[in-house]
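Next input, structure requested:
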Amino acid sequence: MTDGTPRAVLGLAGPPGAGKSTLARALVAHLGEGAAYLPLDGFHLSNAQLERLGLTARKGSEPSFDVWGYVDLLRRVLDETGRDIYVPDFDRTLHEPVAARHVVPPTARLIVTEGNYLACDLPGWREAYVFMGECWYVEAPGEVRRVRLVERQLAGGRDEVRARAWVATNDDPNGEMVEKSRDRCHRILSTIGMDMFNSQQ
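Numbers count the residues shown, from 1 in each chain. Next up, the predicted model:
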């Protein structure tokens, strides 16, 4: 992907709980200084903005992201290859986005970005997709994803009843939307067996 260009972006799309961030981090760790991580989750709107927009109960849904800020950062990492570029993240303890947790150094030639909606044919996401040299679809069986998602909510402080309700009313509908973008991706990957992969790194 980086042949003949100073820097390229690899997108990892897929439904919630598919293992996108795990795969992205593993790829960046494997490639070392030649790669950098840029998660879409850093572009979650803050809780204050979600409340203002009436989206508190739909956190993680397509309109709950600053997609245009994400597009601008993708443009920057491709255009500005000679300086450090700081990248936001989402903190699952604070339940808020945080600035500058990650950095894209000048040595990074492959930027690995991941998020649910990267391949969606919707305003903003179409523009983001153009900046990606390739976009891969990461999938896992629905029952596996739901177990992961419930565990994520439990770790975030919800009890089991509320965790399962959140997955059913928020994560599942988001996943159904994302699945419609599968055919726009260049490659389909399964994360089943990735635990074994990670243990060998």
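
Dead centre of the chain: give me the residue that sits there.
Residue closest to the mean C-alpha point of the chain, counted by Cα atoms, centre = their mean, is Gly115 at 2.3 Å.

so how far is Leu23 from Trp136?
For Trp136, the distance to Leu23 (Cβ to Cβ, to the nearest Å) stands at 9 Å. Where you see a C-beta, it was placed from the backbone N, CA and C, and this is true even at glycine.

Touching both of these two, which residues are there?
12, 189 (Cβ atoms under 8 Å, 6 or more residues apart in numbering).

Hmm, the residue nearest to the centre of the chain is touching Tyr37, no?
No: using Cβ atoms under 8 Å, Gly115 makes no contact with Tyr37, being 11.8 Å away.

what secondary structure does Ala128 sit in?
Under the three-state scheme (DSSP: H, G, I helix; E, B strand; the rest coil), Ala128 adopts helix.

Please give the element, helix or strand, for the nearest residue to it once chain neighbours are set aside.
Leaving aside its chain neighbours, Ala128 sits nearest to Val71 (5.0 Å; criterion: Cβ to Cβ, 6 or more residues apart in numbering). Assessed by DSSP states H and E, Val71 sits inside helix 67-79.

what does that helix contact?
With contact meaning Cβ under 8 Å, 6+ apart, helix 67-79 is reached by 7, 9, 36, 38, 40, 43, 85, 87, 104, 111, 113, 115, 117, 123-125, 127-128, 131-132.

now stretch 172-191
For stretch 172-191, the surrounding residues in contact (Cβ under 8 Å, 6+ apart) are 13-19, 22-23, 60-62, 116-121, 129, 134-140, 142, 145-146.

tell me the phi and psi of the residue nearest to the residue nearest to the centre of the chain when sequence neighbours are not counted?
The shortest distance from Gly115 to any non-neighbouring residue, by Cβ to Cβ, 6+ apart, is to Leu40 (2.5 Å). Backbone dihedrals for Leu40, given as degrees, to the nearest 10, come out at phi -60, psi -30.

State the distance from Leu40 to Gly124.
Leu40 sits 11 Å away from Gly124, going by Cβ to Cβ.

and what of Arg164?
Distance of Arg164 to Gly124, computed by Cβ to Cβ: 31 Å.
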